[in-house]
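Asker: Quick one: sequence and predicted model below, then my questions.
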Amino acid sequence: MDDDLTDLNAKASLEPEDWTAFRRRAHETLDRALDKLEQAGTGRVWTPVPESVDAQIEKALSASPLGADAVNDVLRSILPYGVGNTHPRFLGWVHGSGTPFGLLPAMIEAAINANCGGRDHVGLRVERALSDWVAQQFGFPKTASGLVVTGTSMATVVAMKVARDAALGFASREAGVDGSKLVAYSSAEAHACNARALDILGLGTSALRKVPVNDAFQMDLSALKAAIAEDRAAGLVPFAIIGTAGTVNTGAIDELSGIADIAEAEGLWFHIDGAFAASGILSEDVAPKLRGIERADSIAFDFHKWLHVNYDAGFVLVRNEALHRQAFSTRPDYLKATERGLAAGNPWPVEYGPELSRGFRALKIWAHIAEFGPERLGAAISDNCQLVRTLADLVDATASFERLATVETSICCFRYVADGLSAGDLDALNEEIVIRLQETGVAAPSTTRVNGKLAIRVNITNHRTRESDLHLLLDAIKALAPEALEKLGKA
Ligand SMILES: *Cc1c(COP(=O)(O)O)cnc(C)c1O
């Protein structure tokens, strides 16, 4: 180091003072992370954050730095208090479980610290290769464009903005959407992020028409056609249909080919919310149910759910690259594209979405696919489908359980039943059982309502879950039911 700068750097530099000591510390931290993942199958699923840890979290942000040992201690102390989705009996909502391999690209990502909004560097090459791979998996043309985003919520905003602007001839980019009368359609079972996207895009949640579903929780296609005709007759402007591949309540997949036919006949954008089940394109079990996905105009899905890339990792794929770019591209002087130098490598990701500065999320996804390959990732999905069917069989074979929905992909909805309870009591009982399962740390399913009934909702997008975990879950439900009844004063 230049002697003149030594004093200055001692105060202002954010580099380690002693690289040997820092190396040791980094290796120790890696070991603690590995310990956690090696023991992922043991212990409690979820543990509420204790007050002592809360206090440490607050104290860490005082004016003077904590120092190396204390920072290491704090980092270590938070490890047990995540959502619990690294545990084999995390069975709630739709979470992926991650893999130990995710630690490796996380380190490289931190080391390279790339800003992937644009410019000519390896980050964009990896993201482009990934986008081509995604397009190929879904049977999209090579010319399709894609963008890594935080998750399906953001992917939906991006896709629906392209759909909205394309419908308005891109005048909306400058003039806004006041008085556009645009309306879109999804099933009543669609995820809330779809209506929220229309809210964010200035169309309002009421612009999303919720089409009723059939007995298999799929969009009723004659009701869809009727709704489009009715809206047109009323002077509204239908612009998009959102099909769901894997509904969040029951895991149902809409009839995508049927929706594609209607979208084509009506001249509407066909978007698919495939947050978790679009990944099923890699699985022999799910892929046949996704027929028609290759006809979509855009797909929003997550790598962090059924593909187990560490959070967060979503993706939006758009068939027509030109429309995608036209909806987002803005290149002021300071972001001008060049043929050579660091400002080459066009088009840039900033032309495909709302974010300029963005991290190198593509790296962990690309490394994950490189590590496992599509076949093994698909097999893990098929295994989960088999486990869910096994759970449904176990539920059906037990008198004190009642199944509430068909099993399509990763989700089984059922409830505990006992004689002499009102509908309200049954709801309260099952809610209490699920909370107790979570609080005891035994398992973590979640709840939802199916046809008005409160359901214990088990979702298995978890490569660590085994059949023995399902027996443990069902036994725990039976064991907790009497306490739960007592709590409700119904014992
Ligand atoms: C999880 C989910 C979403 C939202 O995705 P995020 O990645 O959490 O933003 C949307 N739709 C469905 C069907 C989902 O399961």
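Answerer: All right, it came through fine. Residues are numbered from 1 along each chain as shown.
Asker: Show me the beta-bridge partners of the residue of the stretch 301-450 of the chain found nearest the ligand.
Answerer: As assessed by CB to the nearest ligand atom, the ligand sits closest to Asp302 within the stretch 301-450 of the chain, at 4.5 Å. The C-beta positions use only the backbone N, C-alpha and C, and glycine is treated the same way. Bridge pairing for Asp302 (DSSP bridges) gives the partners Gly314.
Asker: So Ala226: helix, strand or coil?
Answerer: With DSSP: H, G, I helix; E, B strand; the rest coil as the basis, Ala226 sits in helix.
Asker: Can you check the pLDDT for it?
Answerer: Looking at Ala226, its pLDDT is 98.
Asker: So what's the residue count around it?
Answerer: 12 (other CB atoms under 10 Å).
Asker: swap in Lys210?
Answerer: Look at Lys210: counted by other CB under 10 Å, it has 16 neighbours.
Asker: Apart from its chain neighbours, what residue comes closest to it?
Answerer: Ala188 (4.4 Å; CB to CB, 6 or more residues apart in numbering).
Asker: list the contacts for that neighbour?
Answerer: 210-213 (CB atoms under 8 Å, 6 or more residues apart in numbering).
Asker: Which of those residues fall in strands?
Answerer: The strands, defined by DSSP state E, take in 210-211 from the contacts of Ala188.
Asker: Let me know the closest of the contacts of Ala188 to Ile272.
Answerer: Checking the contacts of Ala188 against Ile272 with CB to CB, the nearest one is Val211 at 14.9 Å.
Asker: ok, that closest one to Ala296 distance?
Answerer: Look at Val211 and Ala296: by CB to CB, to the nearest Å, they are 17 Å apart.
Asker: Show me which of the two is the more surrounded one.
Answerer: Taking other CB under 10 Å, Val211 and Ala296 do not tie; Ala296 has more neighbours (29 against 24).
Asker: That one contacts Trp269, doesn't it?
Answerer: No - Ala296 lies out of contact with Trp269 (CB atoms under 8 Å); the separation is 9.0 Å.
Asker: can you pull the contacts of Asn384?
Answerer: Applying CB under 8 Å, 6+ apart, we find Asn384 in contact with 306, 410, 460-463, 465.
Asker: Kindly recompute the last result at 6 Å.
Answerer: 410, 460 (CB atoms under 6 Å, 6 or more residues apart in numbering).
Asker: before we move on, what SS does it have?
Answerer: helix.
Asker: Any residue of stretch 158-175 touching the ligand?
Answerer: No - in terms of CB under 6 Å from any ligand atom, no part of stretch 158-175 sits within range of the ligand; the closest distance is 11.8 Å.
Asker: where does that stretch sit relative to the chain's centre, distance-wise?
Answerer: Distance of stretch 158-175 from the chain centroid (CA atoms, centre = their mean, to the nearest Å) equals 25 Å.
Asker: Send me it as CSV with only the CA atoms.
Answerer: This file holds the C-alpha atoms of stretch 158-175, laid out as CSV (Å, rounded to 0.1, in the frame of the first residue of the first chain):
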residue,chain,number,x,y,z
VAL,A,158,-43.8,-6.8,-15.9
ALA,A,159,-45.9,-9.1,-18.1
MET,A,160,-49.1,-7.2,-17.6
LYS,A,161,-47.4,-4.0,-18.4
VAL,A,162,-46.3,-5.3,-21.7
ALA,A,163,-49.9,-6.6,-22.3
ARG,A,164,-51.4,-3.3,-21.2
ASP,A,165,-49.1,-1.1,-23.3
ALA,A,166,-49.4,-3.4,-26.4
ALA,A,167,-53.2,-3.1,-26.1
LEU,A,168,-53.0,0.7,-26.0
GLY,A,169,-50.4,1.0,-28.8
PHE,A,170,-47.8,2.1,-26.3
ALA,A,171,-49.5,5.5,-26.0
SER,A,172,-50.0,4.7,-22.3
ARG,A,173,-46.3,5.1,-21.7
GLU,A,174,-46.6,8.8,-22.0
ALA,A,175,-50.3,9.5,-21.7
